[in-house]
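Visitor: Task: produce atomic coordinates for the following.
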Amino acid sequence: MSIKFVKYFGFISLIFLFAIVVLSGNKKTVITTSNINSVKSLQAVHIVNKYNSIKVAEEKKETPVFATFNEAIAVASNMPVAFMGKLTAYGPDCPGCSGNSACPPRQNFKNGNIYFNDQVYGKVRVVAADRSIPCGSIVRISGIRIYDQPILAIVMDRGGAVKGNHLDLLFTSQSNLEGFTTSNNIKFEIIRYGW
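Guide: Down below sits the predicted model:
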């Protein structure tokens, strides 16, 4: 072996060992790449750390609950908001219902599919809402008696009687509402306003 190779190998080993020691005490997520000396690798670590910090801050942040629906909607496009209201239930076969969502992509609900696959939030329930809440809005619904945890729903439908702080949750059929009864004092958090 040449002396240059030994020096080069020793230098690379020293850098690798230093990186392991420094990163072993770091509890943040690190993206593994094939070249640990790359500037892009360090940028990736910083980006992941920044994302994790934002995510933790958002989880700790309380969504403000507004006294009225109109106050909440007035600022909903700029920040997550919450309001209290009434939740009812409907099926795609309800009187006057077409069975298709009023919002694009006009999903057919007659097949029993009460979910929508959102690109960001994944599989979420479908809800009908007032026209002032745009299609594609994601709403976290808390306080439903038949569910232990809050559920996420997407505004994909409208209803003639669904106005203001009243939302209508989709079930597979009007005759199978899974024991749901109209509920008041439900917390609705708009965590995404429209698409």
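Visitor: what ranges do the helices span in this structure?
Guide: Remark: helices assigned in the chain by DSSP state H are 3-24, 39-60, 69-75.
Visitor: for the first one, what is the average pLDDT?
Guide: The predicted model assigns helix 3-24 a mean pLDDT of 63.
Visitor: all numbers from here: first residue = 58
Guide: All set: I'll call the first residue 58, so the last point we hit is now helix 60-81.
Visitor: Show me the domain layout of the protein.
Guide: Residue ranges for each domain of the chain read 60-117, 126-249, as given by automatic domain parsing.
Visitor: Least reliable of these by average pLDDT, please.
Guide: Ranked on mean pLDDT, the bottom entry among the domains of the chain is domain 60-117, at a mean of 56.
Visitor: Neighbours of Phe123, how many?
Guide: Residues within reach of Phe123, counting by other Cβ atoms under 10 Å, total 18. (Each C-beta comes from the backbone N, C-alpha and C, glycine too.)
Visitor: so what's it closest to, chain neighbours aside?
Guide: Ranked by Cβ to Cβ, 6 or more residues apart in numbering and with sequence neighbours excluded, the top spatial neighbour of Phe123 is Ala129, at 3.9 Å.
Visitor: Is the one you found in contact with Thr120, as I believe?
Guide: No. Under the criterion of Cβ atoms under 8 Å, Ala129 lies out of contact with Thr120, with a separation of 9.9 Å.
Visitor: Tell me where the chain has strands.
Guide: Shown for the chain, the strands assigned by DSSP state E span residues 138-147, 172-175, 179-185, 195-199, 208-214, 223-227, 240-249.
Visitor: Same list (those) but as a markdown table, adding mean neighbour count.
Guide: Putting the strands of the chain into a markdown table (neighbours: other Cβ atoms under 10 Å) gives the following:
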| stretch | mean neighbour count |
| --- | --- |
| strand 138-147 | 20 |
| strand 172-175 | 16 |
| strand 179-185 | 19 |
| strand 195-199 | 20 |
| strand 208-214 | 23 |
| strand 223-227 | 22 |
| strand 240-249 | 18 |
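Visitor: List just the one of the ones you listed that sits closest to Ile72.
Guide: Distances from Ile72 to each of the strands of the chain were compared using Cβ to Cβ; the minimum, 40.4 Å, belongs to strand 179-185.
Visitor: contacting residues around the closest one?
Guide: Contact partners of strand 179-185, identified using Cβ atoms under 8 Å, 6 or more residues apart in numbering, comprise 147, 158-159, 164, 166, 171-175, 195-196, 198, 208-216, 219, 224-227.
Visitor: and the angle for that strand with strand 195-199?
Guide: On the basis of axes from the mean of the first three to the mean of the last three Cα atoms, to 10 degrees, strand 179-185 is oriented at 80 degrees to strand 195-199.
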